[in-house]
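# everything below, folded, please.
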Amino acid sequence: MVDIDRVVTLDELMDRVPEHLVKDAESRLDYDEPEPYSPTDMSYDMSDLSKAQRIRNYLDTHPEVRNKDIVSALEKYGVKAADVANVKSQMKKADTSAEPTKKPSKSSASHSSDSGPSLNLKHLEAAVDFVALVGSVQAAQHLLIIVDRVKGA
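You can find the predicted model right below:
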C-alpha cells in the first residue's frame, strides 16, 4: 500500500532543494563534452590511463620498437620491462585466440568409423565396468574429457 501522506511531487521536492545547489547543477550541464578518445591521437590527456594501456598505445604508434625503448619512453609513468613483456604477451595471446587453429583431436571418439581404432570385446567390457564404476555415461564422458586435457597439457 502507498501512504498518500508521504507522497512527494517533483515540484515539492525541487522546492526543498537549496537554490545554490540547483544553480550549481545547472551550470555543470553547460560544459562542452570532450572529444572521444582516439588511440592514434597522442594529444589526449594520459593522466587517467593504466600502464598497460599506455604500452598498448605506444605499440600501436611504434610497432617495431624494442622493449627497452618503450620502458625509456614511458618511465615517467612507472613502466618497467616486465610490464612491457606482460602486455606484449597478452597481445600475442589475443592475436592467436582471434585466429583459432584446428588441432587434431587425440580422442578416440572423434575418429571416423573407417579409420577408428580397432576395439574388441575386452575393450567394451572395460568401458562398461568404467561407466558402472563412475555411475553414469555423462560422468564417464566428463572424466574422459579431463583425462584428454591432462594428456594434451
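# from here on, contacts and neighbour counts on C-alpha atoms
Will do.
# distance of the nearest residue to residue 55 once chain neighbours are set aside from residue 49?
Counting by C-alpha to C-alpha, 6 or more residues apart in numbering, residue 55 lies nearest to residue 84, which is 6.6 Å off, once chain neighbours are set aside. Computed with C-alpha to C-alpha, to the nearest Å, the distance linking residue 84 and residue 49 is 15 Å.
# higher neighbour count, the two?
Taking residue 84 and residue 49 together and counting by other C-alpha atoms under 10 Å, residue 84 has the greater number of neighbours (22 against 11).
# surely that one and residue 72 touch.
No: under the criterion of C-alpha atoms under 8 Å, residue 84 lies out of contact with residue 72, with a separation of 11.1 Å.
# how's this structure carved up into domains?
Using automatic domain parsing, the domains assigned to the chain come out as 51-98, 119-152.
# what is the mean pLDDT for the last one?
What that stands for is domain 119-152. The predicted model gives domain 119-152 an average pLDDT of 85.
# and if you look at stretch 52-63?
Computed over stretch 52-63, the average pLDDT equals 89.
# now do the SS call for residue 20.
Taking DSSP: H, G, I helix; E, B strand; the rest coil as the rule, one finds residue 20 in the helix state.
# cool, residue 145 as well?
Under three-state DSSP, residue 145 falls in the helix class.
# what is the burial count for it?
Residues contacting residue 145 under the criterion other C-alpha under 10 Å number 13.
# and it, how far is that from residue 152?
Counting by C-alpha to C-alpha, the gap from residue 145 to residue 152 is 11 Å.
# check residue 144 too.
Here residue 144 is placed at a distance of 12 Å from residue 152 (C-alpha to C-alpha).
# go on, residue 86?
Counting by C-alpha to C-alpha, the separation of residue 86 from residue 152 is 25 Å.
# do the same with residue 118
With distances taken as C-alpha to C-alpha, residue 118 is found 22 Å from residue 152.
# tell me where this structure has strands.
If you assign secondary structure with DSSP state E, the chain ends up with no strands.
# tell me the most buried of the domains of the chain?
Ranked by average neighbour count under the criterion mean count of other C-alpha atoms under 10 Å, the domains of the chain are headed by domain 51-98 at a mean of 14.
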